[in-house]
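[1] only geometry, no sequence info:
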């Protein structure tokens, strides 16, 4: 009987790619599509956009990365992916892996960024941002 236990590691392709980014020090964008950003009616509803779910996306950073960049929750950061970039407010999320940055999709503030998953760069935004 063939032993396949070494191949049963439960790593998805995305997890394997994230691990390879971690190995070379790169950051990986992980994302979600907040409910009020994707639905055509909801994203035009003034009352819904005033709720917590309707607010502009944050750049959620792991605590170690935020400390390395000198960023506190509420500071502005510049996130760049591919040829696009965006200035977003930073949030600190201790649940994120050290090499992941969570940036929501389907919002005008993040529309200039690249794919929903992939390499991303983050830096503290200048004073005029």
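    That came in fine, so what should we check first? It should be emphasised that the depicted structure is a prediction, and the values quoted were computed from it without experimental measurement.
[2] Please count neighbours and contacts with C-alpha atoms only from this point.
    Will do.
[3] which residues does the spatially most central residue of the chain contact?
    Nearest residue to the geometric centre of the chain (CA atoms, centre = their mean): residue 102, 2.0 Å. Contacts here follow CA atoms under 8 Å, 6 or more residues apart in numbering; on that basis residue 102 touches 29-32, 58-61.
[4] Mind doing that once more with 6 Å?
    29-31, 59-60 (CA atoms under 6 Å, 6 or more residues apart in numbering).
[5] just to confirm, which helix or strand has it in it?
    Using DSSP states H and E, residue 102 sits within strand 100-103.
[6] Average pLDDT for the following helix or strand past that strand, rounded please.
    With elements assigned by DSSP H and E, the helix or strand that comes after strand 100-103 is strand 118-124. The predicted model assigns strand 118-124 a mean pLDDT of 95.
[7] hmm, who's touching strand 118-124?
    27-29, 77-81.
[8] tell me the two of those residues that are most distant?
    Spatial extent of the contacts of strand 118-124 (CA to CA) is set by the pair 28 and 77 at 15.8 Å.
[9] got the residue ranges for the strands in the protein?
    Taking DSSP state E as the test, the strands found in the chain are 27-30, 59-61, 76-81, 84-92, 100-103, 118-124.
[10] and the direction of the third one versus that of strand 84-92, what angle?
    What that stands for is strand 76-81. For strand 76-81 against strand 84-92, the angle by axes from the mean of the first three to the mean of the last three CA atoms, to 10 degrees is 130 degrees.
[11] Report all helices and strands that strand 76-81 contacts.
    Applying 3 or more CA pairs under 6 Å, 6 or more residues apart in numbering; DSSP states H and E, one finds that strand 76-81 contacts strand 84-92, strand 118-124.
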